[in-house]
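**Student:** Just to be clear, the model below is a prediction. Sequence and coordinates:
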Amino acid sequence: MSRIGKNPITVPAGVTVTITNGHVYVKGPKGELSLDTHNRVSISYENNQIVLDRPNDSNENRAFHGLYQRLLSNIVLGVTQGFAKELIIEGVGYRAAAAGKDINFQLGYSHPILFPAPDGITLAAPEATRIIITGCDKQLVGQVAANIRALRKPEPYKGKGIRYKDEKIRRKVGKSGA
């Protein structure tokens, strides 16, 4: 058995799980998410636990077993607690400001950049140099954070740009004067 795949997923109170024809629907206080599963993994829901099983021990079945267990546990965690990513803006004149549901960036270009918030994502700028991205879908929160970071990646000489809160930028020395 897969060490990850054999762990049952405990579903907290207030969360409903529906399994129909390879589709899993999970609805909770933060939202609702769904997952299309592969036929190499069978999923059952009983006694407030989601249990995954595989037909045999081939390498592909073992891989799918652990993968879908982790995906389903992230879905249950997302609809109950949600996920968040925090970005830091560094640089003189670089800033962000909330514009309704969207974020308006000043990143050293000749024009401001308006970043629209996708459905299911909440963008907040509590300070001019901090952005907080929250939502119930872990993959979507990470993708939105990566898209915002790509607007102005941190450069290695002064560290100017948008970086994750826990990201360390390796600085280069630069030219030495003769």
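**Tutor:** Here it is on my side, so go on.
**Student:** where along the chain do the helices fall?
**Tutor:** 59-80, 138-149 (DSSP state H).
**Student:** and the first one, what's its mean pLDDT?
**Tutor:** Which is helix 59-80. Throughout helix 59-80, pLDDT has a mean value of 93.
**Student:** between that helix and helix 138-149, how big is the angle?
**Tutor:** In terms of direction (axes from the mean of the first three to the mean of the last three Cα atoms, to 10 degrees), helix 59-80 departs from helix 138-149 by 80 degrees.
**Student:** what residues does helix 59-80 touch?
**Tutor:** Residues outside helix 59-80 that contact it (Cβ atoms under 8 Å, 6 or more residues apart in numbering) are 1-5, 7, 9, 11-12, 14-15, 17, 24, 26-33, 35, 37-38, 40-41, 43, 50, 52-55, 83, 135-138. C-beta here means a position set from N, CA and C on the backbone, and glycine is covered the same way.
**Student:** What segments of this protein are strands?
**Tutor:** 9-10, 16-20, 23-28, 31-36, 42-46, 49-53, 83-90, 95-99, 102-106, 113-115, 121-127, 130-135, 161-164 (DSSP state E).
**Student:** Make JSON lines from the ones you listed and add mean neighbour count, distance to residue 74 and mean pLDDT to it.
**Tutor:** Shown next, in JSON lines, are the strands of the chain (neighbours: other Cβ atoms under 10 Å; distance: least, Cβ to Cβ, whole Å; pLDDT from 0 to 100):
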{"stretch": "strand 9-10", "mean neighbour count": "16", "distance to residue 74": "10", "mean pLDDT": "92"}
{"stretch": "strand 16-20", "mean neighbour count": "13", "distance to residue 74": "14", "mean pLDDT": "92"}
{"stretch": "strand 23-28", "mean neighbour count": "18", "distance to residue 74": "10", "mean pLDDT": "94"}
{"stretch": "strand 31-36", "mean neighbour count": "15", "distance to residue 74": "9", "mean pLDDT": "93"}
{"stretch": "strand 42-46", "mean neighbour count": "14", "distance to residue 74": "15", "mean pLDDT": "91"}
{"stretch": "strand 49-53", "mean neighbour count": "17", "distance to residue 74": "12", "mean pLDDT": "92"}
{"stretch": "strand 83-90", "mean neighbour count": "18", "distance to residue 74": "8", "mean pLDDT": "96"}
{"stretch": "strand 95-99", "mean neighbour count": "17", "distance to residue 74": "27", "mean pLDDT": "94"}
{"stretch": "strand 102-106", "mean neighbour count": "18", "distance to residue 74": "25", "mean pLDDT": "95"}
{"stretch": "strand 113-115", "mean neighbour count": "14", "distance to residue 74": "24", "mean pLDDT": "96"}
{"stretch": "strand 121-127", "mean neighbour count": "16", "distance to residue 74": "16", "mean pLDDT": "95"}
{"stretch": "strand 130-135", "mean neighbour count": "20", "distance to residue 74": "12", "mean pLDDT": "96"}
{"stretch": "strand 161-164", "mean neighbour count": "19", "distance to residue 74": "19", "mean pLDDT": "96"}
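**Student:** Cool, thanks, signing off.
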